[in-house]
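Asks: Okay, here's the prediction I keep looking at, along with the sequence it came from:
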Amino acid sequence: MTAAMEAFNGVPTLAGPTSFSPGLHINVERPMAVLDVQDGKLVWIEDRTPEKLTFATS
């Protein structure tokens, strides 16, 4: 599955064009929903798009 996902380069999906790479397994160019659990149910709080990416190094 990893190899198939890493082959994505601008693949059209319902969420828009999607790309992955060996070093990045999440799309960071489109908004993501911030959710909270309230009374056992997911509640939408807001959408956020990353402004700056930093990666941990080992």
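Replies: Cool, the structure landed.

Asks: ok, now which ones touch the closest residue to residue 17 other than its chain neighbours?
Replies: Leaving aside its chain neighbours, residue 17 sits nearest to residue 10 (4.5 Å; criterion: CB to CB, 6 or more residues apart in numbering). For the C-beta atoms, the positions are set from N, CA and C on the backbone; glycine is no exception. With contacts defined as CB atoms under 8 Å, 6 or more residues apart in numbering, the neighbours of residue 10 are 17-19.

Asks: Where does the prediction get shaky in the chain?
Replies: For the chain, the stretches with pLDDT under 70 are 58.

Asks: 90 instead?
Replies: Low-confidence regions of the chain, defined here as pLDDT under 90, cover residues 1-8, 10, 13-32, 49-58.

Asks: Helices of that one, residue ranges please.
Replies: With DSSP state H as the criterion, the chain has helices at 2-6.

Asks: Centre of it to the edge, which residue is at the far end?
Replies: For the chain, the residue at maximal distance from the C-alpha centroid (CA atoms, centre = their mean) is residue 39, at 25.9 Å.
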